[in-house]
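Student: Please find the sequence and the predicted model below.
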Amino acid sequence: MNAAYSQLLLQVVRDRCASRTLLRISGLILLVGVAALVFGNYIERPQLGRGILVGTLSFIVLSWGGTLLKSAVQQNQPANACLVPGLRHRLIVLTLMLYGALTVLIAAMTGAVFGHFGYALVGAGLFYSFILYAQRYPVLAILPSLVIVLSVSLLKEPLHAAWDAIGWMGEPALTGIGLIAVSVLGGFGMRAAFPRGGDSHWSWHARRAATLRRAQGAAPKPGDAANWSRWTMPLRIGYRASLRRDSRGGAAPGRMLAQTFGPAAHEGGYHGGALLILLAVLVLRGFGDSELLRQMVRTSLLQASVLVSVAIYAAELQKSVVRHGAEQALYLLTPGAPAAAQLNRLLGAALLKRFLRVWLVTVACAAIIDMVMLGAPLLSASTCVLSALMLPLACTLLRDYAKMPASTNQTAMLIASFITIFAYLIMFGIESRWPAFPLFWVCAAVVTASLLALRWRWRRFMALPAVLPAGRLLE
């Protein structure tokens with residue numbers, strides 16, 4: 001690999017924030033995989049431990065592959081694609097080389113544990129082709145989840161019939177056909193992910209930059225306003241109604257203080273998302289096949305998907321507080337602002353109220369989904385424990401925001417989401433394999449410990465000097 005390709009590849013390392021974030025996540029996931037291997041050997045099921053380890057290693061490889069593609073796409077900006085000789089060609093060649101190597105690595109690890117190297121090679125190639133298209137068309141990000149759900153529900157019988165029709169060809173022939181299809185899809189995917197420049201490239205680049213600003217909570221630029229209004233404003237009906245009500249005058253200082261956190265800190269969208277999922281489950285239960293619904297819920301980990309929004313909201317709430325220090329400074333200059341001695345109490349109460357409302361709504365939705373699945377007013381132990389594990393996140397809200405810098409880092413959300421899903425899988429496995437295990441007592445212990453920890457954090461929070469405006473001690 002010559003110097004030009006080496007410099008392009010080193011851009012990922014030079015992006016220290018992104019590389020540190022991914023290194024932390026990779027280390028955490030690798031630790032989980034090693035722990036699963038040890039646990040599998042302990043319970044005399046080494047194949048299970050090896051499978052989980054291969055899954056975690058494959059996830060790390062896929063994550064680094066996605067980061068490399070993101071860096072390459074950023075380097076292929078419209079001006080660079082037209083003005084830098086050979087840049088686009090080098091980026092495409094580098095991406096092809098890396099994706100080919102990573103695909104073979106995943107297939108080798110999978111084949112060593114489960115066999116079927118050829119099928120794993122085609123599967124990894126298809127997923128990397130999907131990443132290329134998802135880079136250009138973000139709406140495709142939902143496709144893997146949709147495919148998984150449909151493959152065990154509506155498309156289960158057609159897929160079995162298709163496999164019976166082509167299975168006689170054998171793995172070598174099917175691998176060859178699959179690799180041809182992957183090559184065609186990957187070729188078109190490269191063209192989609194690395195445009196040549198021009199008006200369409202500029203337009204896509206502007207939309208992508210606006211999407212990143214929106215995801216990071218940054219203020220929209222003048223050209224983003226129409227797109228933001230079209231897609232985000234209908235999702236913030238609850239926030240706008242709350243803001244209008246509190247702005248008429250007479251609102252309590254705590255409510256006005258919470259408005260300075262910005263629209264991303266409002267819990268209405270999280271309530272609406274959980275209730276929409278519950279409504280969809282109830283409609284499918286009323287008009288569809290109950291057994292099919294159970295398979296879809298189990299495969300999609302629907303209860304965990306609902307409860308993970310609590311972890312995401314806790315991380316977003318902290319970021320929102322820090323992100324809007326200027327608005328807080330202006331509000332504290334108004335006549336209706338609370339005194340400095342009351343500030344921490346009002347802030348802590350506002351944060352905990354919002355968090356607990358999200359927690360209660362999501363737990364209620366997950367519990368009703370359990371009842372629909374079980375066909376009786378019962379709650380599964382895994383859902384109960386996962387609901388309890390969300391409570392300690394309330395302690396993370398009570399911190400000294402005056403010393404926190406504004407950040408667009410998504411590490412906390414990613415780690416929280418991963419740990420939530422993994423914890424649910426562990427609890428579900430324990431509940432399935434050892435039904436007599438006292439998971440409900442574990443739930444009670446977690447709730448008790450969470451309340452005691454929250455009481456301790458509240459006392460420490462009250463003893464701090466005024467923690468708003470956020471980030472002021474860094475100036």
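Tutor: Alright, I've got the coordinates.

Student: Name the residue most distant from the centre of the chain?
Tutor: In terms of distance from the mean C-alpha position of the chain, residue 335 ranks first, at 40.7 Å (CA atoms, centre = their mean).

Student: where does this protein have low pLDDT?
Tutor: Low-confidence segments of the chain, defined by pLDDT under 70: 1-21, 145-146, 148-156, 210-236, 250, 288-300, 406-425, 428-429, 431-432, 473-475.

Student: Name the residues of stretch 125-133 that come out as buried.
Tutor: 125, 127-133 (16 or more other CB atoms under 10 Å). Backbone N, C-alpha and C define where each C-beta goes, glycine included.

Student: Which ones among the residues you listed lie within helices?
Tutor: Secondary structure from DSSP state H places 125, 127-133 of these in helices.

Student: Just the closest of these to residue 46, please.
Tutor: Nearest to residue 46 out of these is residue 127 (CB to CB; 26.7 Å).

Student: That closest one reaches residue 63, doesn't it?
Tutor: No. When contacts are counted by CB atoms under 8 Å, residue 127 is not listed as touching residue 63 (11.9 Å).

Student: what's the residue farthest from the centre of the chain sitting at in phi/psi?
Tutor: For residue 335, the backbone dihedrals (degrees, to the nearest 10) come out as phi -60, psi -30.

Student: Ok, the one 10 residues further on next?
Tutor: Comment: the main-chain dihedrals of residue 345 come out as phi -60, psi -40, following degrees, to the nearest 10.

Student: Could you tell me which residues make contact with it?
Tutor: Applying CB atoms under 8 Å, 6 or more residues apart in numbering to residue 345 gives the contacts residue 462.

Student: Export the buried residues of stretch 125-133 as a markdown table, with columns for distance to residue 26.
Tutor: Formatted as a markdown table, the entries for the buried residues of stretch 125-133 read as follows, by distance: CB to CB, whole Å:
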| residue | distance to residue 26 |
| --- | --- |
| 125 | 22 |
| 127 | 18 |
| 128 | 18 |
| 129 | 23 |
| 130 | 21 |
| 131 | 17 |
| 132 | 22 |
| 133 | 25 |
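
Student: Count the neighbours of the nearest residue to residue 266 once chain neighbours are set aside for me.
Tutor: Take residue 266 and drop its neighbours on the chain: the residue closest to it by CB to CB, 6 or more residues apart in numbering is residue 239, 3.9 Å away. Neighbours of residue 239 under the rule other CB atoms under 10 Å: 19.

Student: contacting residues for residue 239?
Tutor: 263, 266, 268-269.

Student: any idea which of these has the most stuff around it?
Tutor: Neighbour counts for the contacts of residue 239 peak at residue 266, which has 22 neighbours (criterion: other CB under 10 Å).

Student: right, and that one touches residue 238 too?
Tutor: Yes. Using CB under 8 Å, residue 266 makes contact with residue 238 at a distance of 6.3 Å.

Student: Give me the phi and psi for the nearest residue to residue 326 once chain neighbours are set aside.
Tutor: Distances taken as CB to CB, 6+ apart place residue 469 nearest to residue 326, at 7.4 Å, with adjacent residues excluded. The phi/psi pair for residue 469 (degrees, to the nearest 10) reads phi -70, psi 150.
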